[in-house]
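>>> okay, predicted coordinates and the sequence, questions at the end:
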Amino acid sequence: MNINELLKLASFAGQMILENGGETYRAEDTMVRMLANKVDDVETFVTPTGIFMSVEQGGAIYTKVSRITKRDTDLNKIAHVNDLSRRFSKEEWKTLDIVKYTEELKYINSMGKYNDLLRIFASGLAAAASMMMLGGSSNDFIPTFITAMLLQVSVMFFRRIGFPTFIVNCLGGGFVTIFSILFSQFGLGSLDMIIIGSIMTLVPGVAITNSLRDIIWGDLVSGTSRGVDALIAAVGIATGVGTFLRLWDMIGGIR
Amino acid sequence: MIFQILYGFLATTGFGILFNIPKRHIVEAGISGAIGWAGYLTIMRVYGSSVGATFIASVLIGIMGEFFARHTRNPVTIFIIPAIIPLVPGVTSYKAIKALLDGRNKEALELGILTAGIALAIASGLILVISFFRLRGQKQKNQ
């Protein structure tokens, strides 16, 4: 067995954690844990946009750099990779079946999310329930539910085309505003509460939480850049909502 | 109040499905969201400050997350991320933007400060819990 294979496997595991919404600390810890009992020394440097990993074995140094361009949220994959890395760390160098683990990791990477219909329903539920938590009335429940479901459909569509996140957030905010204006014009629910509830599903929750966790663990570079990521997402949503509210105002709409 | 806690549960499970958390842990995430929201409502009723209430809620969500993470041997983020989202200051930031659009700058500034206060309350609550549990984790490693 060859050390390059080990290095590839470990950095792939780290890459999967970063791509699916894991913290910087978790990616580093996973990679180090997987190789710690198998090689002389492991060092990693992880940022949200790239992984640098180097392994020392018998005087020779091996290095791998992986660029991270995809950023998604799939906490199921993180749980699976976490579990795999714990089992891997208990394996001995001599009895290790690296092909089996590589196959398993590839399988985890190919796992899908919940099906689209369930996710659309869930986003309606999440939006309507958080709208009620934020002080909405039961009249707003159904309109928010429908608006958030339509928002989720359009967001899924834009993501599939490959629009950048900022544009998706702008368009999403705009969509929500248009639908809310329509609903409130027909007397179904209040404009403000429908917008507030629906945009909750666009909120960059992962970026916010991970930014904080990175900063606590001392990964200051990652923490600040994730914070900026969250801020830009919020600006995008505000741009979409603000533009269409303003337009509605200009054509003489009542709010 | 009971309905409100139910909404807390439903919102968290909804976000949980959106973020694709494993099937068998969705209910646990929902429970931590519901407990966090119950804490929020209690503080709101007794003390009346949304910043303080958000702080307590995020502390509770952090504690529940760490508890479930240890219990089920899963990453703690699975339980924290979906539960924390309903606390995000959506209402105040929306109102702040609207005030800004209407040229009511003074009001926008006030709402902006409140938004920042709530965001910082979420941050400090989570940081408090996570740092504490990290300290304990390190002690166990050293022994």
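Nice, I can see it.
>>> low-confidence stretches in the stretch 1-150 of chain A?
The model of the stretch 1-150 of chain A has pLDDT under 70 over residues A:1.
>>> count of neighbours near the closest residue to chain B within it?
The stretch 1-150 of chain A approaches chain B most closely through residue A:126 (2.8 Å), counting by CB to the nearest CB. No exception for glycine: its C-beta is placed from N, CA and C like everyone else's. By the other CB atoms under 10 Å in any protein chain shown criterion, the neighbourhood of residue A:126 contains 30 residues.
>>> can you tell me the SS state at it?
helix (DSSP: H, G, I helix; E, B strand; the rest coil).
>>> now the nearest residue to it once chain neighbours are set aside: which helix or strand?
In this structure, residue A:126 finds its nearest non-sequential neighbour in residue B:14, 2.8 Å apart by CB to CB, 6 or more residues apart in numbering or on different chains. Assessed by DSSP states H and E, residue B:14 sits inside helix B:2-18.
>>> okay, strands next: where are they in chain A?
A:41-47, A:50-57, A:60-67 (DSSP state E).
>>> which of those strands sits closest to residue A:86?
strand A:41-47 (16.3 Å; CB to CB).
>>> pretty sure residue B:9 is touching residue B:35, no?
No. Using CB atoms under 8 Å, residue B:9 makes no contact with residue B:35, being 9.3 Å away.
>>> shaky segments in chain B?
B:137-143.
>>> report the central residue of it.
residue B:84 (3.1 Å; CA atoms, centre = their mean).
>>> ok, the nearest residue to residue A:131 once chain neighbours are set aside - contacts?
Using CB to CB, 6+ apart and skipping residues adjacent in sequence, the residue nearest residue A:131 is residue A:197, 2.7 Å away. Neighbouring residues of residue A:197 by CB atoms under 8 Å, 6 or more residues apart in numbering or on different chains: A:127, A:128, A:130, A:131, A:134, A:136, A:140, A:144, A:147, A:148.
>>> any idea how far stretch A:239-255 is from the middle of the chain?
With CA atoms, centre = their mean, to the nearest Å as the basis, stretch A:239-255 stands 30 Å off its chain's centre.
>>> count the neighbours of the closest residue to chain A within chain B for me.
Residue nearest to chain A within chain B (CB to the nearest CB): residue B:14, separated by 2.8 Å. Neighbour count for residue B:14, taken as other CB under 10 Å: 30.
>>> likewise the one 3 residues further on?
Residue neighbour count, defined by other CB under 10 Å, stands at 21 for residue B:17.
>>> list the contacts for residue 10?
In the absence of a named chain, chain A is used. A:30, A:31, A:34, A:35, A:42, A:53.
>>> please go with chain B instead
Residue B:10 touches A:125, A:126, A:129, B:30, counting by CB under 8 Å, 6+ apart.
>>> what is the nearest of the residues you listed to residue A:187?
Nearest to residue A:187 among the contacts of residue B:10, with distances taken as CB to CB, is residue A:129, at 22.8 Å.
>>> related to what we said a few turns ago, following the helix holding residue B:14, which helix or strand shows up next?
helix B:26-46.
>>> what's the spacing between the longest helix seen in chain B and its chain's center?
Counting residues, the longest helix found in chain B (DSSP state H) is helix B:105-142. Centroid displacement of helix B:105-142 relative to its chain, using CA atoms, centre = their mean, is 10 Å.
>>> show me the contacts for residue A:242.
Neighbours of residue A:242 in contact, by CB under 8 Å, 6+ apart: A:173, B:97, B:100, B:101.
>>> what about these, which are in helices?
Going by DSSP H, the helices hold A:173, B:97, B:100, B:101 from the contacts of residue A:242.
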